[in-house]
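> Build me a structure from this.
(one chain, ligands or ions: 1)
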Amino acid sequence: MPYIGKAPATSALTAADLADGIVSTNKIANDAVVSSKISDGTVSNSDLANSSITINGSPVSLGGSVTVGETKPTITSITPDTIDNTQTSIVITGTNFVITPQVEFINTSTGIWYTADTVTRDSATQLTVNATLAVDGNYKIRIENPDGNAVLSSTALLTVSDAPTWTTAAGSLGSVAAGSAGSFTVVATSDSAVTYSYTGSLPGGFTLNSSTGVISGTESGATQETNYNFTVTATDAESQTASRAFTITVTVGINNAGQFN
Ligand SMILES: [Ca+2]
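Model prediction:
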């Protein structure tokens with residue numbers, strides 16, 4: 001029954017005492033109900049006006065269990081993706097990098113893990129890592145944030161392989177007389193097949209064989225002694241390179257040097 005004209009009894013009100021419309025929500029101060037007044041089990045989900053709460057912008061129903069997602073790092077790319085056995089700086093891009101992650105390299109053949117020499121967290125999306133990997137092979141990458149959330153790449157992202165090394169000494173390969181045929185060979189080796197390319201100037205009429213490293217032809221065009229300078233780049237199957245500068249001299253005989261009157 002609604003209260004009319006008389007002070008309420010000092011005994012506690014029950015739900016049945018509250019007639020619709022007599023006690024409205026605006027009569028209940030926000031601080032009237034504290035958690036210590038709510039006995040376990042007294043308030044059910046259906047008693048709550050709002051049946052969901054918002055986590056990270058998304059409504060989450062209170063009717064069931066709530067799973068709060070962990071923020072794990074991800075890997076998007078690494079540069080370079082092929083290195084040799086010397087210490088190399090590698091830039092890793094991804095997401096959710098937290099100061100400062102641990103970075104490891106897992107050899108896919110042996111399963112052995114190697115820890116990065118140094119890790120710099122440039123931003124939440126970029127790491128710069130120094131790595132020294134003495135064993136050639138293919139490596140997966142694992143990144144673990146300080147909170148334990150981690151990512152292991154599903155495939156090998158890094159190749160460790162030897163770069164080409166030059167056999168032929170830098171500098172002069174020799175000379176060829178103007179108008180004459182000549183042949184020179186440059187040699188580099190690696191752990192896979194090597195091809196050759198060059199920048200700079202070869203003597204007129206000369207070409208570089210990209211497979212064999214032979215530089216040959218029949219000279220044309222020189223009217224005075226000329227040093228032809230060029231740089232040959234050896235590239236192996238892993239696209240690893242080594243470059244070396246060479247010179248071929250075209251000589252011009254005295255009879256070709258000028259006109260005697
Ligand atoms: Ca190689």
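> close enough to count as contact, residue 150 and residue 70?
No - counting by CB atoms under 8 Å, residue 150 does not reach residue 70; the two are 10.0 Å apart. Any C-beta I mention is one placed from the backbone N, CA and C, and that applies to glycine too.
> Comparing those two, which residue is more hemmed in?
Of the pair residue 150 and residue 70, residue 150 is the one with more neighbours under other CB atoms under 10 Å, namely 14 against 10.
> Could you list which residues are in contact with the more buried one?
72, 73, 142, 143, 144 (CB atoms under 8 Å, 6 or more residues apart in numbering).
> Identify the bridge partners of it.
Assessed by DSSP bridges, residue 150 has beta-bridge partners residue 144.
> For residue 143, see how far away it is.
6 Å (CB to CB, to the nearest Å).
> Overlap of the contact sets of these two?
Common neighbours of residue 150 and residue 143 (CB under 8 Å, 6+ apart) are residue 73.
> Can you turn the buried part of the contacts of residue 150 into a PyMOL selection?
This is how PyMOL selects the buried members of the contacts of residue 150, with burial counted by 16 or more other CB atoms under 10 Å:
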select buried, resi 73+142+143+144
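> From the contacts of residue 150, pick the one nearest residue 236.
residue 142 (27.9 Å; CB to CB).
> Tell me if I'm right that the closest one and residue 149 touch.
No - here residue 142 does not reach residue 149: they are 11.7 Å apart, not a contact under CB under 8 Å.
> Near the ion, which residues of this protein are found?
Contact residues (CB under 5 Å from the ion) of the chain with the ion: 161, 162, 191, 236, 238, 240.
> If we use 6 Å, what do you get?
Residues of the chain lying near the ion by CB under 6 Å from the ion: 161, 162, 190, 191, 192, 236, 238, 240.
> With secondary structure, pLDDT and neighbour count as extra columns, can I get these in a markdown table?
Shown next, in a markdown table, are the residues of the chain next to the ion (DSSP: H, G, I helix; E, B strand; the rest coil; pLDDT from 0 to 100; neighbours: other CB atoms under 10 Å):
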| residue | secondary structure | pLDDT | neighbour count |
| --- | --- | --- | --- |
| 161 | coil | 97 | 19 |
| 162 | coil | 96 | 15 |
| 190 | coil | 97 | 19 |
| 191 | coil | 95 | 15 |
| 192 | coil | 95 | 14 |
| 236 | coil | 96 | 21 |
| 238 | coil | 94 | 20 |
| 240 | coil | 95 | 21 |
